[in-house]
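> I'd like to go over a predicted model; first the sequence, then the structure.
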Amino acid sequence: MIQRIQSVFLLLLALAMLSVLALPLWHKVDGLTHQELTLTAFGFQAQGLQLPASTGAVWLIGALAAASAALAGYEIFQFKNRAKQLLLGSLNLLLIVATLGAMFYFSNKGEQLLNLKLEGQFLAGFYLPTLALLLNLLANRFIRRDEQLVRSMDRLR
């Protein structure tokens, strides 16, 4: 039953979370001093700026995104046990929300490292967990619908 629509949603979710690992998440430029700061899933990249040693564990964003992608990949092959799939979907929801929270936290920390008057801009990688969240909700909805269909067929027998 891998060909179900929820499997497609879970595959797209995994691809979205893997893309978070490769794409920049946030960027800020100071036009006067030509300093640049970019947040990726594994750390800050600075040009013309010396980063303090205490920027925090930015790699946590990458770890959460990778864990979410791996969990979605595992969830695809649990099609025989829909209850377990729903449980894994709930756990994946928590991982995606934690990824979003970590991204907000570290982008706020990056705002404080460079000229406070200027605002940084969120890049494409920042919005992908939101897409993954939507895909996870859709996958869970269709898994639940399959479970209800199977229960109704059992009642007819």
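Now that the structure is in, tell me what you want to look at.
> do you know how far Leu11 is from Phe44?
Using Cβ to Cβ, to the nearest Å, Leu11 is found at 31 Å from Phe44. Where you see a C-beta, it was placed from the backbone N, CA and C, and this is true even at glycine.
> Pick out whichever of these two has more residues nearby.
Phe44 (20 against 16; other Cβ atoms under 10 Å).
> what residues are up against that one?
Phe44 is in contact with 37-38, 51, 55, 58, 106, 110, 113, counting by Cβ atoms under 8 Å, 6 or more residues apart in numbering.
> Strands - which of those land there?
Using DSSP state E, the subset of those located in strands is 37-38.
> Let's have the contacts of Phe44 in JSON lines, adding distance to Ser7, pLDDT and neighbour count.
Formatted as JSON lines, the contacts of Phe44 follow (distance: Cβ to Cβ, whole Å; pLDDT from 0 to 100; neighbours: other Cβ atoms under 10 Å):
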{"residue": "Leu37", "distance to Ser7": "39", "pLDDT": "88", "neighbour count": "22"}
{"residue": "Thr38", "distance to Ser7": "34", "pLDDT": "91", "neighbour count": "18"}
{"residue": "Leu51", "distance to Ser7": "42", "pLDDT": "75", "neighbour count": "13"}
{"residue": "Thr55", "distance to Ser7": "38", "pLDDT": "75", "neighbour count": "15"}
{"residue": "Val58", "distance to Ser7": "32", "pLDDT": "91", "neighbour count": "20"}
{"residue": "Phe106", "distance to Ser7": "32", "pLDDT": "93", "neighbour count": "23"}
{"residue": "Gly110", "distance to Ser7": "37", "pLDDT": "87", "neighbour count": "22"}
{"residue": "Leu113", "distance to Ser7": "42", "pLDDT": "83", "neighbour count": "18"}
